[in-house]
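S.K.: missing the sequence, but the structure's below:
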């Protein structure tokens, strides 16, 4: 099964390579296509990752409108002394009552209900903002991963070309008797391994591009990212965001818990219903007005259980808010430290380690062509240079991902 999957991926890579090269997308364009960049309103309207949370916020806003409504009046009709026996047979002694009743909300129920709905809407709004920020984070992370995959393909191609040249030279040296046949066999084996790694890197590049494209509405066009890592400038202090999204969400949940306390407390006050109507006496053809009031008696049930539960939920929300704030500060400082470390590593590898390794490889290759160094020395120098280039790609990828996460941590 793994062989079949690898063959399919390699086939997809070979088929799509010609079309793929014609379409290059930048990070800003990827953000716009996902609906989270500047001027991305049209893309946002068709991306379910964007309009889904927006619809949830609209539903929460509609709940506020519903919470503002008061109880509907009730219309009642009663017929008494109908179709009985004796004096009450037929309709001659019947009585008809038409009444109108209205429940009166006391204890601030409507105000508390609206406050709870508004608190829920604020949570929905923060969740929408968090979904947008998380989508932007995913776009940046997958874009960076795609760039890293493309650079690994370039590295793999260079390794193949170098190993092909080394294999040619080894064959010539074997033919003239300056190298044993084992050297040529080893060179051919290294070439075959490099070609296999190139195929795997190309398949990974295709998969990385598909993962990026999956973040917006899929199209038939394959996309290639830029050949270099995007320049992402992250914030370097948590106070760059006055109200970051994780803290906003925790605060909104605490506000909702407090609003629920007020709502549950309002429910302990009974709501009376007043009624007025008219009664007609069919036997005497007389009419009379009637009035009434109904008041629930809160002898045992004063909603005390729900009030206690809401108060406990509020305490839990306050505790969770404190935990979220502490974890947020820790996560920001940790991410910032790792980002600075990755930045230092990129500088060291790109300015010191890689130039030295490339110069060493160049000198060894010259000596190998002139028969002064054996093949094993060239392979060792090449492996050292390739390892440094791979470490540089990994360091740049890590730096970009951490920068994207810092942006997400300070999003408002």
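M.R.: Alright, I've got the coordinates. As the structure is a computational prediction, the values presented were derived from the model and not from experiment.
S.K.: Which residue ranges of the chain form strands?
M.R.: 24-25, 74-80, 95-103, 224-225, 273-281, 286-294 (DSSP state E).
S.K.: Model confidence for residue 97, exactly?
M.R.: Residue 97 is assigned a predicted lDDT (pLDDT) of 92.
S.K.: Name whatever forms a beta bridge with it.
M.R.: residue 78, residue 279 (DSSP bridges).
S.K.: Now do the same contact list for it.
M.R.: 76, 77, 78, 79, 80, 277, 278, 279, 280, 290 (Cβ atoms under 8 Å, 6 or more residues apart in numbering). The C-beta positions use only the backbone N, C-alpha and C, and glycine is treated the same way.
S.K.: for residue 249, same thing?
M.R.: Residue 249 neighbours (Cβ under 8 Å, 6+ apart): 123, 126, 127, 130, 324.
S.K.: and with 6 Å instead?
M.R.: Going by Cβ atoms under 6 Å, 6 or more residues apart in numbering, residue 249 touches residue 126.
S.K.: With residue 113 instead?
M.R.: Taking Cβ under 6 Å, 6+ apart as the test, what residue 113 contacts is residue 67.
S.K.: just residue 358 next, same as before
M.R.: Contacts for residue 358 (Cβ under 6 Å, 6+ apart) come out as residue 385.
S.K.: Ok, residue 53 next?
M.R.: With Cβ under 6 Å, 6+ apart, residue 53 has these contacts: 127, 128, 131.
S.K.: The same query, at a cut-off of 10 Å, please.
M.R.: Shown in contact with residue 53 (Cβ atoms under 10 Å, 6 or more residues apart in numbering): 124, 125, 127, 128, 129, 130, 131, 132, 134, 135.
S.K.: how deep is the third one tucked in, by neighbour count?
M.R.: When neighbours are defined as other Cβ atoms under 10 Å, residue 127 has 18 of them.
S.K.: just the second one next, same as before
M.R.: As a burial measure, residue 125 scores 19 neighbours (other Cβ under 10 Å).
S.K.: Check the fourth one too.
M.R.: Other residues near residue 128 come to 20 when the count uses other Cβ under 10 Å.
S.K.: For it, give its distance to residue 98.
M.R.: 49 Å (Cβ to Cβ, to the nearest Å).
S.K.: Then the third one?
M.R.: When distances are taken as Cβ to Cβ, residue 127 and residue 98 turn out to be 49 Å apart.
S.K.: what does the model give the residue nearest to residue 125 when sequence neighbours are not counted for pLDDT?
M.R.: Of all residues not flanking residue 125 in the chain, residue 57 sits nearest, at 5.4 Å (Cβ to Cβ, 6 or more residues apart in numbering). As predicted, residue 57 sits at a pLDDT of 92.
S.K.: pretty sure residue 57 contacts residue 64?
M.R.: No: using Cβ atoms under 10 Å, residue 57 makes no contact with residue 64, being 11.1 Å away.
S.K.: which residues touch the residue nearest in space to the middle of the chain?
M.R.: Using Cα atoms, centre = their mean, the residue of the chain that lies closest to the mean C-alpha position is residue 134, 3.6 Å off. Each residue near residue 134 by Cβ under 10 Å, 6+ apart is listed here: 36, 49, 53, 245, 408, 411.
S.K.: any idea which of the residues you listed is the one closest to residue 207?
M.R.: Closest to residue 207 out of the contacts of residue 134 is residue 49 (19.8 Å), distances taken as Cβ to Cβ.
S.K.: I'd like to know how many residues surround the closest residue to the closest one other than its chain neighbours.
M.R.: Leaving aside its chain neighbours, residue 49 sits nearest to residue 135 (5.2 Å; criterion: Cβ to Cβ, 6+ apart). Close neighbours of residue 135, defined as other Cβ under 10 Å, add up to 21.
S.K.: State the pLDDT value of residue 135.
M.R.: Looking at residue 135, the pLDDT reads 92.
S.K.: Same question for the one 10 residues further on.
M.R.: You'll see residue 145 listed with a pLDDT of 94.
S.K.: Contact partners for it?
M.R.: 204, 205, 207, 208, 209, 211, 212, 225, 397, 400, 401.
S.K.: Cross the contacts of residue 134 against helices and list the overlap.
M.R.: 49, 53, 245, 408 (DSSP state H).
S.K.: from what I can see the last one touches residue 131, true?
M.R.: Going back to what we said before, that points to residue 408. No: judged on Cβ under 10 Å, residue 408 makes no contact with residue 131 at a distance of 11.7 Å.
S.K.: quick one: contacts for the residue lying closest to residue 80 once chain neighbours are set aside?
M.R.: Leaving aside its chain neighbours, residue 80 sits nearest to residue 95 (4.5 Å; criterion: Cβ to Cβ, 6+ apart). Shown in contact with residue 95 (Cβ under 10 Å, 6+ apart): 78, 79, 80, 81, 82, 279, 280, 281, 282, 283, 286, 288.
S.K.: and of those, the nearest to residue 272?
M.R.: residue 78 (20.5 Å).
S.K.: Contact partners for that closest one?
M.R.: 95, 96, 97, 98, 99, 277, 279.
S.K.: and these as a markdown table, adding distance to residue 189?
M.R.: Formatted as a markdown table, these follow (distance: Cβ to Cβ, whole Å):
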| residue | distance to residue 189 |
| --- | --- |
| 95 | 107 |
| 96 | 104 |
| 97 | 102 |
| 98 | 100 |
| 99 | 98 |
| 277 | 101 |
| 279 | 106 |
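S.K.: and the two most separated of the contacts of residue 145?
M.R.: 207 and 400 (18.3 Å).
S.K.: For residue 214, grab the count of nearby residues.
M.R.: Residue 214 has 12 nearby residues by other Cβ under 10 Å.
S.K.: Equivalent analysis for residue 338, please.
M.R.: Residue 338, neighbours per other Cβ under 10 Å, totals 16.
S.K.: mind starting the numbering at 46 from now?
M.R.: With the count now opening at 46, the last piece we talked about shows up as residue 383.
S.K.: Wait, it touches residue 444, no?
M.R.: Yes: taking contacts as Cβ under 10 Å, residue 383 lies within contact range of residue 444: 9.0 Å.
S.K.: so who does the residue lying closest to residue 149 once chain neighbours are set aside touch?
M.R.: Once flanking residues are discounted, residue 149 sits nearest to residue 317: 5.6 Å by Cβ to Cβ, 6+ apart. The contact partners of residue 317, by Cβ under 10 Å, 6+ apart, come to 147, 148, 149, 150, 151, 338, 339, 340, 341.
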